[in-house]
Structures are given as C-alpha cells and as structure tokens.
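[1] Need coordinates for the following:
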Amino acid sequence: MFGHNKEEPKKRKKRIPKLILLQNPFTWIMIKIDFGILRRVWDPEFQEREFKFGTRQAISRVTQLISGGNFNELNGLLTKAARVSLVRELDRNWTEKQRSLIALKRDDIQISSPRKVYFIKIGDKKFCDVDMAFLALKWATINSIEMLLFAEIFARFHREYTPHSIPEWTIAFFKVTRFEVLRRSSQ
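    Residues are numbered from 1 along each chain as shown. Alright, predicted model coming up:
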C-alpha cells in the first residue's frame, strides 16, 4: 500500500509550556556582581553557566532518589542536617504517591535562578552559599489521566573555600515549596 505504515502510530509527545521568570533587576545585578566577586576573589574557575547546569543535575538526582525512596543515597549530595530535615519533611507531609511523582529529569527543570549569594568567613575558614530556586514542568500519569505537574524547589548550595578543603558543592537546604497539578491533558 502506498504511504501506509503498518507500525503502530507513535505516541505523540505532549507539548510542555515554557515558563518565564521575571526577576527584580536589582537582585539580578547584585547576583551578577556577587558571582563576579566569587570568580575574581575566591574561585577563578567559577562559571555561572556550569554552576547552574550542575545544580539542575543535583536537583534532578535528589528528586529521583526521593521518588525511589533511596534516602541513604542522599549522603554526599546533601549535608547531614539537610538530609535529616528533608527526610523528616517527607515522612510527615508527603504521601507515597506525591513522592513517586516528584522525580524530575534535568530537562524538566526549565528555570534555575540564583536568589542570593553569601560569603562567610569564620576565623581563617571561608564558605560560600548560593540560594537557588528551580521551576519545573512535566507530564505525569495520575489514575490513568495525563496531568501537567508544576514543581518549585528551593535549595541552598554550600561550598568551603578554605585552602586544602574538598572543592565541591553540597546542598545545605532542600525544600519543595510548591508541587501541584496544573491541568489535565486535552487528549
């Protein structure tokens, strides 16, 4: 037969709306200045683009571990205090279904927005904390119905810059601030 494909029709990928974040221009400028200070004074290797990419990967990994109930694997990604706080929050306020749905792929996270940069000196020790907000959208099947889920996550990334310290960022605070169904699929 002409032009007839006997294979099953491929499932059409549902379109995900694009999120837009309007940030206070003064906050944006202050963050750019702070990242410039971080790069010039403490970390000549620091690149904002790479940092944001890495934070999206970390948030994706944490949400996948939450979804799978693999809380022990959060060690190393989160500080001990952040992990204890997160597990307590999940036990008290999250249903099994909510936990299973929170898993985000890196591409589900559309916006990773720095909120504040902290430079901390205690004696001869130096630390930097960066507060980040993440906005994500994804389709998920809930009771056989395709739903568009929105997630907003706040995380504080922490790194010690004291000479001879381990040069890696960890999550010192993690909270899902919003997680809700926006709408059903129109199909």
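[2] which residue ends up closest to the midpoint of the chain in space?
    Ile59 (3.3 Å; C-alpha atoms, centre = their mean).
[3] how about the nearest residue to Arg156, chain neighbours excluded?
    Distances taken as C-beta to C-beta, 6 or more residues apart in numbering put Phe173 closest to Arg156, at 4.0 Å, once the chain neighbours are dropped. Heads up, the C-betas are built off the backbone N, CA and C, glycines and all.
[4] and that neighbour, what is it in contact with?
    Shown in contact with Phe173 (C-beta atoms under 8 Å, 6 or more residues apart in numbering): 82, 85, 154-156.
[5] residues of the helix or strand containing Leu182 that come out buried?
    Using DSSP states H and E, Leu182 sits in strand 170-184. By neighbour count on 16 or more other C-beta atoms under 10 Å, the buried set for strand 170-184 is 170-174, 176, 179.
[6] now that strand, how far from the centre of its chain.
    8 Å (C-alpha atoms, centre = their mean, to the nearest Å).
[7] okay if I get the buried residues of strand 170-184 as a markdown table plus distance to Thr162 and pLDDT?
    Shown next, in a markdown table, are the buried residues of strand 170-184 (distance: C-beta to C-beta, whole Å; pLDDT from 0 to 100):
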| residue | distance to Thr162 | pLDDT |
| --- | --- | --- |
| Thr170 | 15 | 96 |
| Ile171 | 19 | 97 |
| Ala172 | 16 | 97 |
| Phe173 | 21 | 96 |
| Phe174 | 24 | 96 |
| Val176 | 31 | 94 |
| Phe179 | 36 | 91 |
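[8] contacting residues for Ile171?
    Contacts were defined as C-beta under 8 Å, 6+ apart; by that measure Ile171 touches 58, 62, 77-79, 82, 155-158.
[9] on that earlier part again, next, find the distance separating the residue nearest to the centre of the chain from Phe150.
    15 Å (C-beta to C-beta, to the nearest Å).
[10] what bridges to Phe127?
    Bridge pairing for Phe127 (DSSP bridges) gives the partners Ile120, Glu160.
[11] number of nearby residues for it?
    For Phe127, the count of nearby residues is 17 (other C-beta atoms under 10 Å).
[12] distance of it from Ser112?
    Distance of Phe127 to Ser112, computed by C-beta to C-beta: 21 Å.
[13] Equivalent analysis for Lys121, please.
    27 Å.
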